[in-house]
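Novice: Here's my sequence, what's the structure:
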Amino acid sequence: MLPEPSRPHRATCHCGAVELSVELSDGFATARRCDCSFCRRRGAIAVSAPLDGVRIVKGADNLALYAWGTGTAQHWFCKTCGIYTHHRRRSNPNEYGVNVACLDGVNPRDLGEVPWTDGVNHPSDRA
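Specialist: Below is the predicted model of the structure:
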């Protein structure tokens, strides 16, 4: 069973060095996977949060940033355990995608089937 979607959620990496407070845009209705070259290797399910809906509670100095290509998508992960916590979206730079598996009390299996987005043919790549 999923926790109440409207409350702030606590999100942590595996080792606990990084902790976020997350307010979701539309609960778990935004859950999705992406098949771009990076996301399909990572395999995480992400949910949406506005930029002001993600606050780093602890471990800001323990977050590493990975960006490539246009640099619009910015992916953060814990330097200690390597867990991806959140990213700034290329599809909408005004929001974050948050790793569902980092949210306390959430088992990604409880989401059931999660839709895929076509990151291979990203809209920003079209002329």
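Novice: From D52, how far off is R42?
Specialist: 25 Å (Cβ to Cβ, to the nearest Å). To be clear about C-beta, it is placed using only N, CA and C from the backbone, and glycine gets the same treatment.
Novice: For these two, work out which one has more neighbours and name it.
Specialist: R42 (15 against 10; other Cβ atoms under 10 Å).
Novice: Which elements pack onto the worst-scoring helix or strand of the chain on mean pLDDT?
Specialist: Within the chain, no helix or strand scores below strand 116-117, which has a mean of 80 by mean pLDDT, DSSP states H and E. Here strand 116-117 touches strand 33-34, going by 3 or more Cβ pairs under 8 Å, 6 or more residues apart in numbering; DSSP states H and E.
Novice: Quickly run through the sheet partners of the strand it packs on, with directions.
Specialist: Its sheet considered, strand 33-34 pairs with strand 116-117 (parallel) by DSSP bridges.
Novice: what's in contact with the least confident helix or strand of the chain?
Specialist: R32, R33, C34, D35, S91 (Cβ atoms under 8 Å, 6 or more residues apart in numbering).
Novice: Tabulate those residues (TSV), appending pLDDT, distance to L20 and neighbour count.
Specialist: Compiled in TSV, the contacts of strand 116-117 are given as follows (pLDDT from 0 to 100; distance: Cβ to Cβ, whole Å; neighbours: other Cβ atoms under 10 Å):
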residue	pLDDT	distance to L20	neighbour count
R32	94	19	17
R33	94	20	16
C34	88	20	24
D35	86	25	13
S91	85	21	14
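Novice: quick one: which of these is nearest N99?
Specialist: Using Cβ to Cβ, R33 comes nearest to N99 of the contacts of strand 116-117, at 11.4 Å.
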